[in-house]
Every structure is written in structure tokens, then in C-alpha cells.
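>>> Everything below, folded, please.
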Amino acid sequence: MNPDQILKQLKLESDLVALAITGLAILLVLLVNRKRLLVKIREWRIQRSLAQIGCEQIRNLVCSDGLDGYFKLDRLALTPDAIVLITYKLHSGNIYCAEHISQWTQLVGQKSYKFDNPLFELENQLTALRLLTGNAHLEGFLFFNNSAQFPKGHPDQVLQSTSIPERFNAANCDNVKPEITAAWELLKAHQKQISPADHASVNT
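Residues are numbered from 1 along each chain as shown. From the prediction side, this is the model:
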């Protein structure tokens with residue numbers, strides 16, 4: 001083998017070694033970040049499910065709470081029969097809940113956590129929203145991702161990606177009631193008019 005052939009062989013082997021090292025490095029990064037990557041994929045799927053609710057959506061609408069503060073409403077969806085308020089809750093593990101109790105319980109592994117019943121806050125947000133929409137029909141729901149489980153069941157106002165009502169499907173948008181459309185236009189106009197100063201005392 002002449003010197004040129006030897007150099008070519010060494011270069012080829014060097015390239016193969018570099019490629020192998022790069023491949024191993026990528027594999028190691030994926031293995032180390034596998035859990036984080038799966039969480040990102042799961043969250044992307046959840047956001048896609050949420051984005052498909054209703055005919056149109058308004059995100060992060062700021063409205064007065066009727067006192068001295070403001071609410072930032074996570075997501076509003078226009079449906080044929082109602083304007084739907086959806087609040088996304090990032091709770092995992094087993095959730096033990098009921099409609100009228102003051103606190104719900106989250107069980108993650110062997111650890112237990114208490115948190116205020118979010119339905120009460122949801123109702124306060126709906127009350128604030130009615131100040132803008134008048135008599136238009138409103139509905140409110142808490143949306144939990146699929147890492148939350150409800151061993152003892154949950155109130156009707158709790159949704160997950162597998163339990164989104166068919167009536168919220170965007171395919172049903174041909175016959176939106178006039179009073180719902182009118183209220184929706186008011187909300188869109190309100191969002192355009194809201195001042196940055198109005199965000200100073202926001203409750204989320």
C-alpha cells in the first residue's frame with residue numbers, strides 16, 4: 001500500500017470514528033433528556049388539543065374582577081351555543097376532588113399536597129366575564145393534562161384531552177347563535193382596547 005492509500009485509509013477511519021462519536025453523543029443526550037423530551041411532546045399534544053376547541057379562541061384576556069383587580073383569563077373559545085372559559089391546570093398524579101369542598105388533594109408518589117378548589121376561582125372568573133358579555137351563555141371548565149388521574153371521579157367541569165365534548169368541535173361552527181357572536185365581538189373589541197396599565201393587578 002503506497003503512502004497516498006495509507007493516508008486515505010487513515011482519513012476514512014478517522015471520519016468513521018468521528019461519526020461514531022457524534023452518534024453516541026446524540027444518543028447519550030437523548031437518553032439523559034428522555035424524560036424532559038417526553039414531557040415536551042406530551043405538552044405539545046395537549047396544546048394542540050386545546051387549540052382545536054371551538055370556532056375561534058381568545059388567549060389571556062384581561063378583565064376587571066369587579067373590585068380593584070383584574071383576572072387574566074387563560075383561554076376563551078367560541079362555540080355555537082356558548083362562550084367557553086378554559087383554565088389549564090398543571091397538576092399531575094392522583095387528584096381527589098369534589099365540587100363543593102374547599103380544598104382538593106394531589107397525591108404524587110408518597111407525597112400529598114392540598115390546593116384550593118379551583119372551581120371557586122373559575123366561578124369568580126365567569127362572574128367577571130359576565131360583566132363584559134351580558135346575558136350570553138357562558139360555560140367554564142378546568143383542563144388537566146393526561147398525567148393527572150381522578151381515582152374517585154371528578155366534577156363535570158373537569159376536562160382532559162380524552163373527554164372534550166363533541167359539541168366543542170370546530171366542525172360545528174356553521175350555526176353560532178347571534179347573541180353568542182355579538183358577545184364574542186365585544187370580547188375581541190375589549191382585548192384590543194385593554195391598556196398595559198390594566199395588567200398591574202392581574203389575578204391568574
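
>>> if I look at the residue nearest in space to the middle of the chain, how far off is residue 131?
Closest residue to the average C-alpha location of the chain: residue 88 at 4.6 Å, with CA atoms, centre = their mean. Here residue 88 is placed at a distance of 23 Å from residue 131 (CB to CB, to the nearest Å). Glycine gets a C-beta too; all of them are placed from N, C-alpha and C.

>>> Verify the stated contact: the residue nearest to the centre of the chain with residue 141.
No - the pair residue 88 / residue 141 is not scored as a contact, 9.9 Å apart, by CB atoms under 8 Å.

>>> who's in contact with residue 66?
Residues in contact with residue 66 (CB atoms under 8 Å, 6 or more residues apart in numbering) are 127, 128, 131.

>>> how about the nearest residue to the first one, chain neighbours excluded?
Yep, that's residue 127 we're talking about. Excluding the flanking residues, the one nearest residue 127 by CB to CB, 6 or more residues apart in numbering is residue 66, at 7.1 Å.

>>> got the phi/psi numbers for the one you found?
For residue 66, the backbone dihedrals (degrees, to the nearest 10) come out as phi 90, psi 0.

>>> What's the per-residue pLDDT of it here?
Looking at residue 66, its pLDDT reads 77.

>>> can you tell me the helix or strand for residue 187?
Element membership for residue 187, per DSSP states H and E: helix 178-193.

>>> Any chance you could list what contacts that helix?
Here helix 178-193 has contacts from 56, 58, 61-63, 76, 78-83, 132-137, using CB under 8 Å, 6+ apart.

>>> low-scoring stretches of this protein, by residue?
Scanning the chain for pLDDT under 70 picks out 1-18, 29-30, 32-34, 195-204.

>>> Which parts of this protein are helices?
Counting by DSSP state H, the chain has helices at residues 3-32, 34-51, 118-133, 178-193.

>>> buried set for the second one?
It refers to helix 34-51. For helix 34-51, a neighbour-count test (16 or more other CB atoms under 10 Å) marks 46, 49, 50 as buried.
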